[in-house]
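**Student:** quick one, what's the 3D model for this:
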Amino acid sequence: MLCLIGVCLVGEILCFIFVKEKPEIVVTSKRPSRQDLHQGLKALFHTPYFYIAIAMFTLNYYNSLSVVGIGKYYAQYVLGNENIFSLFGTVPMVTMAIGLLLTPLFSKIWSKRVVLVLAVSFVCLGNIAGSCFPFSFWAGFVGVMIKGFGSAVLMSQLFTLAPEVVTYIELKIGIRVEGLAASANSFGQKIGSGLGTAVVFWALSICGYVAKAKTQSTGVIYTFITLYWWVPTAATLILLVLACFWNIETKIKALQTAKALPATSSDNATKEA
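**Tutor:** Residues are numbered from 1 along each chain as shown. The predicted structure is shown next:
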């Protein structure tokens, strides 16, 4: 435990030392006017990427919470051993750590959209592996290991969506909307987490689950499989489609180029004069 705390402390210190603020962000003490807030809200609500970010957060947190909520029942009644639930929750930490370590490299090589698609593809592949063989321990083990890698990369990228929306809107209208854009994160987290937990309890009450029973009916068994593998697979496929539409980086670069061109033309004209 002390060794783990030490590693975490070293990681925090390294983040503190090497993380720098973006030089292009100018901090001012001027409070935004009502007109600025109105323009910012209008621009935000007319930006499709804001809704894509909300949807991706919602689906990701739904998957996480629903799987955690139903995992104990799936392990106990489908795989026949309740302890597998803990195993499936801890072993993927290995692939998650690998995913987090490789994420900076991926971000340097590929665009945000490509990294998102890659991450979601791994999560989807893991879900498909478990979905095809839901009664197999080894299929589930391989599935959660693959999901662990993709989930780590995906989560690290999701929290960068809102800052990109902020940059995009600032380039378009000259107003920063950090607080408003961050609502995509919190809204998606709350809705996704709430639905993920609620759906499990609704399903248990509807499917005929008998608490503390040694065995469950076939309908209940397949309800556990559906919530643990099949619904997350469908949700991940939707996530994959949404990730394909995240081309905001291209538009940001286009806006930056458009803003730089007048200044460059003006400088050239001055030199020629």
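**Student:** what packs against the longest helix anywhere in the chain?
**Tutor:** Ranked by residue count, the top helix of the chain under DSSP state H comes out as helix 178-207. Counting contacts by 3 or more CB pairs under 8 Å, 6 or more residues apart in numbering; DSSP states H and E, helix 178-207 is packed against helix 34-45, helix 48-73, helix 161-173, helix 218-225. The way it works is simple: take the backbone N, C-alpha and C, and place the C-beta from them, glycine included.
**Student:** 6 Å instead, please
**Tutor:** helix 48-73, helix 161-173, helix 218-225 (3 or more CB pairs under 6 Å, 6 or more residues apart in numbering; DSSP states H and E).
**Student:** which of the residues in the second one are buried?
**Tutor:** Read it as helix 161-173. By neighbour count with 16 or more other CB atoms under 10 Å, helix 161-173 contains the buried residues Leu161, Ala162, Glu164, Val165, Val166, Thr167, Tyr168, Ile169, Glu170, Leu171.
**Student:** alpha carbons of it, in CSV - could you do that?
**Tutor:** Extracted C-alpha coordinates of helix 161-173, given in CSV (Å, rounded to 0.1, in the frame of the first residue of the first chain):
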residue,chain,number,x,y,z
LEU,A,161,-13.6,17.3,-25.7
ALA,A,162,-14.9,20.3,-23.8
PRO,A,163,-11.7,22.3,-24.1
GLU,A,164,-11.7,21.8,-27.8
VAL,A,165,-15.3,23.0,-28.0
VAL,A,166,-14.2,26.1,-26.0
THR,A,167,-11.3,26.8,-28.4
TYR,A,168,-13.6,26.3,-31.4
ILE,A,169,-16.2,28.8,-30.1
GLU,A,170,-13.6,31.3,-29.1
LEU,A,171,-12.1,31.3,-32.6
LYS,A,172,-15.6,31.7,-34.1
ILE,A,173,-17.0,34.5,-31.9
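**Student:** and that helix with helix 48-73, angle?
**Tutor:** 170 degrees (axes from the mean of the first three to the mean of the last three CA atoms, to 10 degrees).
**Student:** now helix 161-173: average pLDDT?
**Tutor:** Mean per-residue pLDDT for helix 161-173: 91.
**Student:** tell me where the model's unsure across the stretch 1-150 of the chain.
**Tutor:** For the stretch 1-150 of the chain, residues meeting the criterion pLDDT under 70 lie at 1-9, 11-12, 14-16, 18-32.
**Student:** same thing but 90
**Tutor:** Applying pLDDT under 90 to the stretch 1-150 of the chain flags the ranges 1-45.
**Student:** Lys190 - how many residues pack around it?
**Tutor:** 13 (other CB atoms under 10 Å).
**Student:** measure it to Gly208 for me?
**Tutor:** Distance, Lys190 to Gly208, using CB to CB, to the nearest Å: 30 Å.
**Student:** also Ala119?
**Tutor:** Taking CB to CB, one finds Ala119 at 37 Å from Gly208.
**Student:** what about the two, which has more around it?
**Tutor:** Using other CB under 10 Å, the more surrounded residue of Ala119 and Gly208 is Ala119, with 26 against 11.
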